[in-house]
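Chemist: Sequence and predicted structure are below.
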Amino acid sequence: MTTTSKQLGTIRYDYAGAHVLVTGGTYIQTALGLGDPRQHEKALIRYYLDRLRQAGVARPRDFEEAWTAYRCTCAWNIYVGWLPADIDNYGWEICELAHLCAMTAYEAWETAQAIAALDGARLS
């Protein structure tokens, strides 16, 4: 374990990897729009992990760890990314669509359940 990671139950939490998943997750969840973006998210996470391996990262997360982290980024995207967003800066339409996209991802990927599972892993 490096200084940038810690163990939460059976889940290794990597701060550097989490940063990429949070920023990347925010972009993916918002940029793919409302249509049917959910079909692409898992493929994008798998692609990201494959690229890490190709770049020589010794131990990238396995897919389930990365997927859980990605699901949890939905909460960050809403509560840190878009709820406090300045409507005067972004405009009403962008903020409204971003909220809709973020909430759609939150519900589709059962983010509340993913976070509860992490809490359970930490407490056990």
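Modeler: Looks like it arrived, so ask away.
Chemist: From Gly56, how far off is Leu83?
Modeler: Distance of Leu83 to Gly56, given as C-beta to C-beta, to the nearest Å: 38 Å. C-beta: built from backbone N, CA, C; applies to glycine.
Chemist: Could you check which of those two is surrounded by more residues?
Modeler: It is Leu83, of Leu83 and Gly56, that has more neighbours when counted by other C-beta atoms under 10 Å, with 11 against 6.
Chemist: Model confidence for the more buried one, exactly?
Modeler: According to the per-residue confidence, Leu83 scores 88 in pLDDT.
Chemist: With His99 instead?
Modeler: Here the pLDDT value assigned to His99 is 89.
Chemist: nearest residue to it other than its sequence neighbours?
Modeler: Among residues not flanking His99 along the chain, Trp82 sits closest, at 5.5 Å (C-beta to C-beta, 6 or more residues apart in numbering).
Chemist: Can you get me a residue count around Cys72?
Modeler: The burial count for Cys72: 21, using other C-beta under 10 Å.
Chemist: Which helix or strand contains it?
Modeler: Taking DSSP states H and E as the criterion, the element that holds Cys72 is helix 63-76.
Chemist: so how far is that helix from its chain's centroid?
Modeler: For helix 63-76, the gap between its own C-alpha mean and the chain's C-alpha mean amounts to 4 Å (C-alpha atoms, centre = their mean, to the nearest Å).
Chemist: circling back to that earlier point, ok, how many other residues are close to the residue nearest to His99?
Modeler: Counted with other C-beta under 10 Å, residues neighbouring Trp82 total 23.
Chemist: Tell me how far it lies from Pro60.
Modeler: Between Trp82 and Pro60 the computed distance is 28 Å (C-beta to C-beta).
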